[in-house]
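Peer 1: how would this look folded up:
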Amino acid sequence: MTWHVWWMYLITETVLSIAPGPAVLFVISQGLRVGGWRGLFAAAGIVSANVVWFALSAVGIGAAMLASGNWFLAIKWVGAGYLVYLAMRAILGQASLASRAGDEGPPSGESVGLWTRGVILQLTNPKALVFFVALLPQFVEPAERVGPQILILGATSVATEFPVLAAYAALAGRASSLARQRRFARTIDLIAAALLIAAALGVLLARENGPQGGAPRAAWLRRSTRTSALEF
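Peer 2: Got it, this is the predicted structure:
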């Protein structure tokens, strides 16, 4: 892997991390409801799931999953359903900050729950599947050992995406102070629910097509499978 390719990947990863997608909307919604500090755990869950996706991509499982339309549809509907479930929790006011004394205290058992929700969301995010199977291989040189390249790209992804998601959580956390006031708590819950529903729609609109426009799926899938085999 050349420095030029790495820089192109870094730019691509940064742009995709900043762009509002299901992961970003989820982190913002959780930051609004539970505060910036605990919102970091939601961001950590997203990044943790990405590590899993990198591993699956490295061994070629991701390509096999995307090759099966049934797998893709299953992931899409499970992911959208989970986001709607979280939206309903927000609408019903569950885990609202209105009943808490504060949001910036030390992490509690709920922080683990936030991390778990982030992991589940990203593992059932079809856009993540498309990224790791269709886009990631474009930055891997098949003539070189693929394993080390995947490790480098994975470390770059974590180092890039987590700070971006943390920033979103921090910004949302500033507004979360309003949720301590009963007159604003309901509004914050509804805004969070709207963000989650928007994320669910984004998941449902995800397509199986690769990043090369109208190119046949088989072409870029062959590329993905070829560059996914572990060659340490």
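
Peer 1: Gly35: how many residues sit nearby?
Peer 2: 26 (other C-beta atoms under 10 Å). The C-beta positions use only the backbone N, C-alpha and C, and glycine is treated the same way.

Peer 1: ditto for Pro163
Peer 2: 13.

Peer 1: please name the residues that touch the nearest residue to Val158 once chain neighbours are set aside.
Peer 2: Leaving aside its chain neighbours, Val158 sits nearest to Val47 (5.4 Å; criterion: C-beta to C-beta, 6 or more residues apart in numbering). Taking C-beta atoms under 8 Å, 6 or more residues apart in numbering, we find Val47 in contact with Ser157, Val158, Glu161, Phe162, Leu165.

Peer 1: list the buried residues of the strand or helix carrying Val47.
Peer 2: Using DSSP states H and E, Val47 maps to helix 36-59. Under the neighbour-count criterion of 16 or more other C-beta atoms under 10 Å, helix 36-59 has 36-50, 53-54, 56-58 buried.

Peer 1: cool, stretch 13-23 as well?
Peer 2: Glu13, Leu16, Ser17, Gly21, Pro22, Ala23.

Peer 1: tell me the two of those that are most distant?
Peer 2: Glu13 and Pro22 (16.4 Å; C-beta to C-beta).

Peer 1: Gly79 and Ala192, how far apart?
Peer 2: Distance check for Gly79 against Ala192: by C-beta to C-beta, to the nearest Å, it reads 18 Å.

Peer 1: where in this structure is the helix or strand with the lowest mean pLDDT?
Peer 2: helix 217-228 (a mean of 42; mean pLDDT, DSSP states H and E).

Peer 1: tell me what the longest helix along the chain is packed against?
Peer 2: Counting residues, the longest helix found in the chain (DSSP state H) is helix 146-176. Counting contacts by 3 or more C-beta pairs under 8 Å, 6 or more residues apart in numbering; DSSP states H and E, helix 146-176 packs against helix 3-18, helix 22-34, helix 36-59.
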